[in-house]
Structures are given as C-alpha cells and as structure tokens.
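# Give me a 3D structure for the following:
(one chain, ligands or ions: 1)
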Amino acid sequence: MGTLEERIAKSETHIFKAVFPSTTNHYDTLFGGTALQLMDEVSFICATRFSRKKVVTISTGQIDFKKAIPAGTLIELVAKVISVGTTSCKIHVDIFMEQMYSELRESVVSGTFSFVAVDENKKPVAILDHLA
Ligand SMILES: CC(=O)SCCNC(=O)CCNC(=O)[C@H](O)C(C)(C)COP(=O)(O)OP(=O)(O)OC[C@H]1O[C@@H](n2cnc3c(N)ncnc32)[C@H](O)[C@@H]1OP(=O)(O)O
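Modelled structure (predicted):
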C-alpha cells in the first residue's frame with residue numbers, strides 16, 4: 001500500500017480543460033458554478049484515488065476567485081490531499097489558467113474540499129485501512 005506520503009503523491013490529480021464558450025457567462029469568462037463543479041469533481045477523484053473507498057463531500061472551505069478566466073484559455077485543475085483524519089481527508093484544489101499561444105500561466109482559483117469515507121449503509125469508516 002506504501003507510506004502515507006507515497007499515497008498522497010500518487011493520488012495527486014490533474015484535469016485540463018479548454019474554456020469554450022459553452023462554459024462561460026455573459027462576461028465571457030468561466031461561469032463560477034462551472035468552476036466549482038470542476039473543483040468538486042477533481043477533489044472527489046483525488047479523495048477516491050487516495051482512499052480507494054466510497055467517499056462523500058462533507059464540506060467545502062473558502063473558495064477564492066482571484067482572477068476571471070476568459071474564454072479561449074486553458075485551465076488545469078490540480079487536487080492534492082493536505083490532511084488526513086480517521087474517516088476523512090481534506091483536499092486542496094488550485095485552478096491554473098494558461099494562455100493557448102504563450103507560456104503564461106497563473107493560479108486563479110483555489111479552495112479546499114473535505115470528504116468522508118462511507119460504507120454501504122452510508123456510515124463513516126476509516127479513510128485508510130493499512131499503511132506500510
Ligand atoms: C460525491 C458526492 O457527490 S457526495 C454528495 C454530497 N454529500 C453528501 O450527501 C454527504 C451528506 N452527509 C452525510 O451523509 C454525513 O454527514 C456523513 C456520512 C458524511 C458523515 O456522517 P456524520 O455522522 O456526520 O460523521 P461524523 O460526525 O462521524 O464525522 C465524520 C468525519 O467528518 C468530519 N467532519 C464532520 N463535519 C465536518 C465539517 N463540517 N467539515 C469537515 N469535516 C467534518 C469529522 O471530523 C470526521 O472526520 P475524522 O473521522 O477524520 O475525524
């Protein structure tokens with residue numbers, strides 16, 4: 001199963017998207033609700049890959065929208081486990097915006113999401129079984 005550090009490193013999760021007009025608002029920037037949905041998804045995938053168990057979202061921390069994300073850019077979502085409890089784990093998510101035709105890249109949105117591992121009766125269970 002590896003050490004905790006190895007599991008955290010191995011479960012780091014990345015998703016790239018192109019910001020097409022179908023995902024933007026009337027300001028021609030990525031709709032905030034779409035950004036939140038993508039962050040919830042990438043953090044869910046990260047928590048699942050970390051625990052390899054059924055997990056549910058229990059809470060979100062503060063989400064900071066530092067810059068608008070214009071249509072026609074690329075985004076990368078990066079999710080990483082930042083703390084591990086008995087039945088829960090907390091994931092930090094960054095959205096990086098990249099220009100399509102230059103190397104310009106910056107962090108534009110960040111936040112945290114917490115997940116709890118649950119059994120078939122939806123009751124909390126250990127987030128990890130064994131560590132090396
Ligand atoms: C992937 C999806 O779409 S999921 C859909 C959205 N999510 C849901 O529907 C989940 C609904 N919530 C639930 O079913 C329940 O609250 C459960 C099963 C998640 C938790 O059940 P509870 O009996 O409240 O859990 P309990 O009080 O034992 O706490 C479980 C863990 O959550 C942590 N926790 C509880 N509340 C919070 C909170 N507000 N923020 C962060 N962590 C919390 C606890 O500290 C504990 O962690 P630990 O064991 O690592 O110390």
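
# Now for D64, how many residues are close by?
Residues near D64, counting by other C-beta atoms under 10 Å, number 10. Placement of C-beta: from N, CA and C, glycine included.

# mind listing the strands for the protein?
Ranges of strands within the chain are 13-18, 55-60, 64-65, 74-84, 88-98, 105-117, based on DSSP state E.

# In this protein, what residue comes closest to the ligand?
G85 (2.1 Å; C-beta to the nearest ligand atom).

# For the closest residue to L74 other than its chain neighbours, list each beta-bridge partner.
In space, and not counting its chain neighbours, L74 is closest to E98: 4.4 Å by C-beta to C-beta, 6 or more residues apart in numbering. Beta-bridge partners recorded for E98 (DSSP bridges): L74, R105.

# do you know how far E98 is from A71?
14 Å (C-beta to C-beta, to the nearest Å).

# same check, this time on E5
Taking C-beta to C-beta, one finds E5 at 39 Å from A71.

# Neighbour count for these two, which is higher?
A71 (16 against 9).

# isn't that one right next to T24, touching?
Yes. At 4.7 Å, A71 counts as touching T24 under the criterion of C-beta atoms under 8 Å.
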